[in-house]
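> please find the sequence and the predicted model below.
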Amino acid sequence: MQGVLTPSSRLGPCLPTQRARSSINLPCAFKSGRHVAGRCSLLARPGRLVHAAAALEVQAPIVAADCTPAASTVPQELFSLAEGLETPIQLIYLLTLLGFLAVGAYLVVRQVLIRRELDEGAKGLGERIRTGEATCEDYYELGVILTRKKLYTQATKNLEKAKKVWDGEESELAQVHNALGFCYFNMEKSELAIQEYQRAVELQPGYVTAWNNLGDALEKKGKWRDALQAYQEALTYAPDNRIARQRSDYCKEKVTRLAL
């Protein structure tokens with residue numbers, strides 16, 4: 001490198017100027033002398049540069065560590081907000097579940113009590129029948145109890161017995177015929193059901209329930225016009241009867257559509 005800085009003898013008086021230019025243009029790493037040494041101290045002492053770089057590397061994690069808590073607080077706040085929103089929803093779900101459980105428990109207890117009452121009533125009436133102390137009303141009540149328990153075959157036997165031994169007012173016998181018609185209807189014996197309902201309304205013309213039951217049985221047989229007449233009879237005695245009104249309108253549509 002020193003050969004580059006040595007001037008040739010042919011340069012003559014221009015040597016100082018060329019040296020000045022050379023001293024300006026040369027990089028610090030290729031110069032020597034007291035002033036240059038001060039400027040190039042970092043190159044002359046590589047250990048200090050290494051320590052400076054190490055110091056920068058040590059400082060970088062500190063800055064990142066200082067920023068971490070600020071960034072981590074955002075998920076924590078969102079999590080806290082989510083917990084605050086979930087608590088009322090969970091409470092609503094819990095209250096709804098408790099409500100359903102309470103209603104279900106009430107219905108189960110109610111059914112158990114009703115069935116127990118029916119069983120006790122049937123047991124007492126059965127004892128009276130076995131001892132020969134039963135009246136026509138006892139047969140009727142036992143038939144109704146068996147109907148509510150959906151034991152239609154046994155119910156019809158007791159209701160038929162009540163009809164045979166009936167000694168009360170004839171108009172009250174309409175209840176026995178209506179109960180018999182209901183049993184036959186649920187036993188898929190629509191013709192027998194229609195006969196019993198017709199007998200019930202003959203004995204008691206204002207028997208709205210029997211009229212509605214008669215209309216229902218006639219609908220099942222496809223006798224829409226007869227069913228419409230039965231519902232209209234029910235409406236003459238009970239104009240506000242919802243069942244008769246709805247079924248009457250339905251039968252009217254059927255009659256009109258089928259041109260009966």
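It's in.
> could you report the pLDDT at the nearest residue to L125 once chain neighbours are set aside?
Using CB to CB, 6 or more residues apart in numbering and skipping the chain neighbours, the partner closest in space to L125 is L142 (4.2 Å). (Glycine included, C-beta is placed from N, CA and C.) Per-residue pLDDT puts L142 at 94.
> give the contact list for L142.
Counting by CB atoms under 8 Å, 6 or more residues apart in numbering, L142 makes contact with G121, A122, L125, G126, I129, A134, N158.
> buried subset of those?
For the contacts of L142, a burial check counting by 16 or more other CB atoms under 10 Å picks out A122, L125, I129, A134, N158.
> residue contacts, the nearest residue in space to E141 that is not next to it in sequence?
Excluding its sequence neighbours, the residue lying closest to E141 (CB to CB, 6+ apart) is L125, at 6.1 Å. Contacts for L125 (CB under 8 Å, 6+ apart) come out as A134, D138, E141, L142, I145.
> and L125, which helix or strand is it part of?
helix 46-130 (DSSP states H and E).
> could you point out which element follows that helix?
Counting by DSSP H and E, the next helix or strand C-terminal to helix 46-130 is helix 136-148.
> buried residues, that next one. List them.
Buried residues in helix 136-148, counting neighbours by 16+ other CB under 10 Å, are found at C136, E137, D138, Y139, Y140, E141, L142, G143, V144, I145, L146, T147.
> could you do stretch 181-199 as well?
Under the neighbour-count criterion of 16+ other CB under 10 Å, stretch 181-199 has 181-185, 189-190, 192-199 buried.
> looking at those, which is nearest E219?
Nearest to E219 among these: S190, at 9.8 Å, using CB to CB.
> quick one: residues contacting that closest one.
Per CB under 8 Å, 6+ apart, neighbours of S190: Y184, A217, K220, K221.
> the first one contacts L192, correct?
Right, Y184. Yes: under the criterion of CB atoms under 8 Å, Y184 makes contact with L192 at 4.2 Å.
> show me the shaky parts of the stretch 151-260 of the chain.
260 (pLDDT under 70).
> with adjacent residues omitted, what lies nearest to Q232?
Closest residue in space to Q232, ignoring its immediate chain neighbours: S248 at 6.1 Å, by CB to CB, 6+ apart.
> ok, that neighbour - how many residues close by?
Residues lying near S248 (other CB atoms under 10 Å) number 19.
> could you do G132 as well?
Residues lying near G132 (other CB under 10 Å) number 6.
> for V103, same thing?
10.
> swap in Y250?
Using other CB under 10 Å, the number of residues around Y250 comes to 15.
> ok, now which ones touch it?
For Y250, the contact set (CB under 8 Å, 6+ apart) is empty.
> just L91 next, same as before
The neighbourhood of L91, defined by CB under 8 Å, 6+ apart, contains no residues.
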